[in-house]
Structure formats: C-alpha cells, structure tokens
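Chemist: Fold the stuff below for me.
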Amino acid sequence: MTNLDQSASGIGLTDRFLLDPYMDWANGEGIPVHLDFGHDLLALETSPWARYDARGCFAHTHGRGDFMANYVIEVEPGKKTAPVKHLYEAFFYVLEGHGSTTVTLPGGETRTFEWEPKALFAVPLNCTYQIFNGSGQNRARVSCTNDAPLTINLYHNLDFVFANPFEFPERSGAAKHFEGEGEHQTYLRGGNITSTQNIWETNFVHDLTSFKLYDLEARGKGSRNVAFILADGTMHAHTSEIPAGRYKKAHRHAAGTHVHAVDGEGYSLLWHEGDEEWKEFPWKHGFMYTPPFWMFHQHFNTAPKPARYLACSQGSRRYPFIALRRRSAEGGGMVSVQQGGRQVEYEDQDPRIHRKWLQALKKTGVKSDMGDVFDEPALLAMKEADLAGPIRTPKSIGPAV
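Modeler: Residues are numbered from 1 along each chain as shown. Predicted structure coming up:
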C-alpha cells in the first residue's frame, strides 16, 4: 500500500503525524484551557481538576514557545490537594491566600513550609508534594510555571512523567532551603558589557516584594535585580524592580519567559521590527504574560512606588540549556542591538515611547525621574505628524547575541 493509499484509508496525518502529546494531555485534563496574549490569573475561570483534587485551569499564552507553559491551582477553603509528583520542573508563585506545602524527599523525609501571597517556591524534581489552604474562609491560588511541554512531548508517556519512581536526591537542597534561607552567589559577566550577576540559591522565597535586590543599571535607570537557582533546576527565575518615575530599556529574547507582575502597576509595550503599532499589556499583581520569540518588549512603572516583577523561563544561570539563554547569562541581553545585542538604549528608542509614558504619568500624578536622560518638554511639544510611521528601532549590526 502506498503512502497515498494509507492516507486515503484513514491512516493519515491526523492519526500518526504532527502530534502534540502535551496539548493532548492538557485538553484531556478536563479543566479550562485559556489562550491569550496574557492573563489576569486571579480572574481566570477554573473547574475541578481530578489530578490535584482541587480546582485549576491552564493559562496558555501565544508567546509560550515550545518548552514552557503555565497553569493555575486553586485550593478551596480548608482543603488540600492530592499528593502529586511529576518529571517536569515547576515554579510556584502564590497569587493569593495563606497555606503550606509539604514535600516528600527521596528516602521519605518530609519538609513543610508556610507561604503567603507573593511567595515563590520550587519542588525538587519528581518529589511528591501536597498544597494545603490554611484558611477556612478564603481560597488560595497558585501560579505554576513549568516545562511540562518539553517533558511530555519528549517522552509522550504519561505514566513515565507522573508515576516514575526514579529519585533525584542531589536536587533536594539543604534543609534551610525550605525555610527561606539560601546562598548568595555571584559571577562576572563578560563580552561587550561587564557586570556582576547576583544569584540566590534556595527552594523557597518568603516574599518577593521585600527580597534584597542588587543594582543592574545596564537594564535601566535605577533598575535592580536578582536571579534565582531553585531546586538545582534547569528553569530560570529572576525578579526585577523598576523605581517610581522610571522604566526599563527594551530588549528581546527567546520565547517562553512568563512575566508575573508582583508589586506596583504599569504597562509593557511589545513590538517586532517594522511594526506600525505596539502591543500594550497593562499589569498589576496577578497579571502574567509571555513576550513572543524575538519580540521587543519594555516595562513601564506608572505607580508612585517601585514596581517588581517575576520572570520564569527555560535555562537557568547554572544550566543555560539553550544557546540563547547562555548568551543572556553571559550578558547578551544588555548589549545594544547596534552592537549585535538585544537591547535598545534610551537614546536609540522611538521618541513616542517616552512621550506615551509621560502622558500615562500625568493620569496617575507621578513625576518623571527621567528628565536627565530625555528632553521631555521637546518630546511633549512634538506634533503628531512628526511621530507617524513605523516604530523606530535601530538595526542590529554584527552577529546576534
């Protein structure tokens, strides 16, 4: 029988080719699968999820890429999830509620830690865990960013992913890593720009709003940052802060970076080279989105206090995993596009960007702290006709990093 005959007899593309085991699994879990550019995770519809014996939904985004995804777990008042384990890595960001998590380590020893809103934790690979809602009156919602697409599509066997007995004792971490303690580490980035990358290794962060950050001026005026290594994983997380009256520089990178707004309010602009208009995504705590592959994006604080966000992606500082992430770890994300990098410097950005932000600040009553970088009166005085046309993005020169 020829290939054509096989297709005509029903043994064709829909049966044997172009399969997506991850999406087959997601669609078969019986909970809502939401798809959009980004989501308000606190408002998404959930439904009973048998796997967790809780409520849940998938919060998929157009920019999630091939490796990463997100789902929401909702534990009703006074309840707990079923014990769960899986062979994919996962970071848990607490959206609302108070509770605890118990992790069973290789060998049977358990670790329990309590959390509250804006905490971040990771469960060591393939360890059984259970999430408890500590309130008898209010729900608890947790955002789970994970590499399930990578893992499930790679093995395409759900028993191997969810019922695998293999243990990874080297990933458990020290006992103090489940208590919010850890180790501060640094390394020196090289290349076109030299800076120190500050890293905190742990399994649990009590509160991302108060966690100590370090200056990272190369990413924007007054920018501060720290990267996390969680449970010795290949997934990356960092949290950054934008001071009041300021904003970050635009840059671009690989797909799959799930950005959670933690504190403050503002918006992000996203665009591809040659676009006529920006995609604008407003945010505050609970909002999450993922910039699509190689799409410029820029974060703006419009609140009268500093704004923080959490970014989770594939490729940690210890295990970069893919070449683009390695280049980011080496500092490529802070090199100007005019030098072959990924960042748009303030002096090279489209003048409409700063003008738009000044207009947004006028509505919130916040004073700009960027007057030493931009001629703000001149920007506000520009005529609309002078601001027309495609978004002005400097062309990359030299090899991409």
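Chemist: make it CA atoms for all contacts and neighbour counts henceforth
Modeler: OK.
Chemist: For the protein, which helix or strand comes out least confident on mean pLDDT?
Modeler: Ranking every helix and strand in the chain by mean pLDDT, DSSP states H and E puts helix 3-8 at the bottom, with a mean of 40.
Chemist: Strands along the stretch 301-401 of the chain, start to end?
Modeler: For the stretch 301-401 of the chain, the strands defined by DSSP state E, counting those that start in this stretch occupy 307-314, 343-344.
Chemist: Single out the most deeply packed of those.
Modeler: Between these, strand 343-344 has the highest mean count of neighbours, a mean of 28, where neighbours are mean count of other Cα atoms under 10 Å.
Chemist: counting contacts, what elements does that one pack onto?
Modeler: On a contact count with 3 or more Cα pairs under 8 Å, 6 or more residues apart in numbering; DSSP states H and E, strand 343-344 meets strand 250-251.
Chemist: so how far is the strand it packs on off the chain centroid?
Modeler: 16 Å (Cα atoms, centre = their mean, to the nearest Å).
Chemist: For it, name the packing helices and strands.
Modeler: When contacts are defined as 3+ Cα pairs under 8 Å, 6+ apart, strand 250-251 sits against strand 296-301, strand 343-344.
Chemist: Out of those, which gets nearest to residue 360?
Modeler: Ranking those by proximity to residue 360 (Cα to Cα) places strand 296-301 first, at 9.6 Å.
Chemist: The residue nearest the centre of the chain pairs with what?
Modeler: Nearest to the mean C-alpha position of the chain, by Cα atoms, centre = their mean, lies residue 258 at 2.4 Å. Under DSSP bridges, the beta-bridge partners of residue 258 are residue 312.
Chemist: Make sure it is actually in contact with residue 287.
Modeler: No. In terms of Cα atoms under 8 Å, residue 258 does not count as a neighbour of residue 287; the distance is 10.3 Å.
Chemist: hang on, the earlier thing: quick check: which of the helices and strands packed on strand 250-251 is buried the most?
Modeler: Of those, strand 343-344 is the most buried (mean count of other Cα under 10 Å), at a mean of 28.
Chemist: Break down the stretch 201-350 of the chain into its helices, ranges please.
Modeler: 323-329 (DSSP state H, counting those that start in this stretch).
Chemist: give me the low-pLDDT residue ranges for it?
Modeler: Within the stretch 201-350 of the chain, no range satisfies pLDDT under 70.
Chemist: and the residue nearest to residue 207 when sequence neighbours are not counted, what is it in contact with?
Modeler: Nearest non-adjacent residue to residue 207, counting by Cα to Cα, 6 or more residues apart in numbering: residue 119, 4.7 Å away. Residue 119 sits next to 93-94, 204-208 when contact means Cα atoms under 8 Å, 6 or more residues apart in numbering.
Chemist: For these, give me JSON lines that also has distance to residue 169.
Modeler: As requested, the contacts of residue 119 are exported to JSON lines (distance: Cα to Cα, whole Å):
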{"residue": "93", "distance to residue 169": "24"}
{"residue": "94", "distance to residue 169": "26"}
{"residue": "204", "distance to residue 169": "17"}
{"residue": "205", "distance to residue 169": "21"}
{"residue": "206", "distance to residue 169": "24"}
{"residue": "207", "distance to residue 169": "27"}
{"residue": "208", "distance to residue 169": "27"}
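Chemist: Identify, from those residues, the entry nearest to residue 34.
Modeler: Looking across the contacts of residue 119 and measuring by Cα to Cα, the closest to residue 34 is residue 93, at 18.5 Å.
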